[in-house]
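Q: When you get a sec, could you give me coordinates for this:
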Amino acid sequence: MSARIDHAVTSGTFSLDGETFDVDNNVWVVGDDTECVVIDAPHDVGVITELVGERAVKAIVCTHAHDDHVRHARALGDAMGAPVWLHPDDLVVWRLTHDVEPDGELADGQVIEVAGTTLTVLHAPGHSPGSVCLYAPELGVVFTGDTLFEGGPGATGRSYSSWDVILRSIDHVLFALPDETVVKTGHGADTTIAAERATVPGPGSPRPE
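A: Okay, the predicted model is just below:
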């Protein structure tokens, strides 16, 4: 059975810097009928467990540690008997939500094998210090979390974020991928690397007002 991508949308809130917003988050599951990897753990453990079904979960991989992506990571990991992995540069953000540390660390270039395919971890800071993207070349996709969306970069107006850094990450990391790569985001619709080349300003560009 070849690897496939399963998808659901969950609704909840995002809180940071004393403000709270309603948000819809994508949940991505990569695997086959036997095993899978869950990308992020937003809002609703029940929706995610239903999406996973009876499969063995190798890991819950966090693209970053904003609370709308990790609030239920520990509960999901416990329910599925799966480790929770996060880039260590995002521990400062993780600790705003959790008192217990993740189970393992993600590193740039790390390869996660699941269901006969691979996900390569790409450290892409800017939206947060430890933001990562997950590139699956055999599937022709990259999971970008909140680093790149249809229409441009992720938000950088809050604590632990940087406009200049996210532009460098997109230019040096994501725009090194093939143009036809499908971008699967943390919120909203898919796009492609080619489409977003026209929307993202180059490194050093001033942040829009």
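Q: From here on, just use CA atoms for contacts and neighbour counts.
A: Noted.
Q: quick one: residue 159 and residue 15 touch, right?
A: No - using Cα atoms under 8 Å, residue 159 makes no contact with residue 15, being 11.4 Å away.
Q: ok, these two, which is more surrounded?
A: residue 15 (14 against 11; other Cα atoms under 10 Å).
Q: List the contacts of the helix or strand hosting that one.
A: For residue 15, the element it lies in under DSSP states H and E is strand 4-16. If you take Cα atoms under 8 Å, 6 or more residues apart in numbering as the criterion, strand 4-16 is touched by 20-32, 42-44, 47-48, 51, 66-68, 139, 158-159.
Q: Mind listing the strands whichever helix or strand comes after it pairs with, and their directions?
A: Going down the chain from strand 4-16, the next helix or strand is strand 19-31, by DSSP H and E. Sheet pairing of strand 19-31 (DSSP bridges) gives strand 4-16 (antiparallel), strand 35-39 (antiparallel).
Q: Show the average pLDDT along strand 19-31.
A: The predicted model gives strand 19-31 an average pLDDT of 97.
Q: can you check stretch 197-209 too?
A: For stretch 197-209, the mean confidence score works out to 89.
Q: could we number from 13 for the rest of this?
A: That works, and once the first residue is 13, the last one we named lands at stretch 209-221.
Q: how far does the longest helix seen in the chain sit from the chain's center?
A: Using DSSP state H to define each element, the chain has its longest helix at helix 175-184. Computed by Cα atoms, centre = their mean, to the nearest Å, the chain-centroid distance of helix 175-184 equals 16 Å.
Q: for that helix, packing partners?
A: Contact partners of helix 175-184 among helices and strands, from 3 or more Cα pairs under 8 Å, 6 or more residues apart in numbering; DSSP states H and E: strand 164-165.
Q: Contacts for the strand it packs on, please.
A: 158-159, 178-179, 182, 208, 211-212.
Q: Arrange the strands paired with strand 31-43 in CSV, one row each, with distance to residue 117 and mean pLDDT as further columns.
A: Shown next, in CSV, are the strands paired with strand 31-43 (distance: least, Cα to Cα, whole Å; pLDDT from 0 to 100):
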stretch, distance to residue 117, mean pLDDT
strand 16-28, 23, 97
strand 47-51, 14, 98
